[in-house]
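Trainee: Provide a 3D model corresponding to the input given below.
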Amino acid sequence: MKNPIITIEREYGSGGSVIGKLVAEKLGIPFYNHEILEMASERLGVPVTKLEGAEESSPKSFLYTLLLNSNPARTMEDNLPVSDKIYITETQIIKELAQQGSCVIVGRCANWILRDNPNKFGVFAYAPKAFRLQYAQDTYHVPAKEIGTLLPKVDSRREKFYNINTGGNWHDKGNYTVCLNTARLGVENAVNLIVSAVQNMPDPQET
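Mentor: Numbers count the residues shown, from 1 in each chain. Got it, this is the predicted structure:
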């Protein structure tokens, strides 16, 4: 592929973010993760610290939005919950980044947002719970007494965020180009596999 857009969805503690960054470095292309939130913060004029907690929150129902809009003195944008404003803004940013050329984008439903982009290469990183518990302790330095509660909480939040915003299923392998068991592969092999696949796949314009 000449201009791959690599999107990575990942279970918490699977190493997806680290893998994405290393893939970007090997391919010499931009990497976007927290940077997208920072861009959204700038556009919305709201400090990053105030957006972080709402970024992967489940959006309110459409009925809730309509009820809020019963006040004609305020615009729909004013009435939208913060989580929806973030999602809309990040969606715009992700599409703009993809138009600029090859890159790696972690999370934020980029896999679905760019679903019609022929250059998209979707990755889902997963691993057994025991591996992820240990990885989170070693890499993120999460205390052992907290990780057992944190892991399912983050996974549930990410899954709900993806499913509600896309109408799809976060775990559906049909949504991705490859699904990688990072416990079996290890970070280095996962990175090499993605890089090799991207470099050897035929360009969509040539197929």
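Trainee: please report the distance of residue 17 from residue 93.
Mentor: According to C-beta to C-beta, to the nearest Å, residue 17 and residue 93 sit 18 Å apart. Bear in mind the C-beta positions are built from the backbone N, C-alpha and C, glycine included.
Trainee: and those two? Which one has more around it.
Mentor: Ranked by neighbour count (other C-beta atoms under 10 Å), residue 17 and residue 93 place residue 93 first, with 23 against 19.
Trainee: hang on, isn't the more buried one packed against residue 40?
Mentor: Yes. Using C-beta atoms under 8 Å, residue 93 is in contact with residue 40, at 6.3 Å.
Trainee: doesn't residue 8 lie inside a strand?
Mentor: Yes. Assigned with DSSP: H, G, I helix; E, B strand; the rest coil, residue 8 falls within a strand.
Trainee: what's around it, how many residues?
Mentor: 27.
Trainee: with the one 4 residues further on instead?
Mentor: With neighbours defined by other C-beta under 10 Å, the count for residue 12 comes to 23.
Trainee: cool, residue 11 as well?
Mentor: For residue 11, the neighbour count with other C-beta under 10 Å is 23.
Trainee: measure the closest residue to it other than its chain neighbours to residue 155 for me?
Mentor: Closest residue in space to residue 11, ignoring its immediate chain neighbours: residue 126 at 4.8 Å, by C-beta to C-beta, 6 or more residues apart in numbering. Distance, residue 126 to residue 155, by C-beta to C-beta: 10 Å.
Trainee: fine by me, thanks again.
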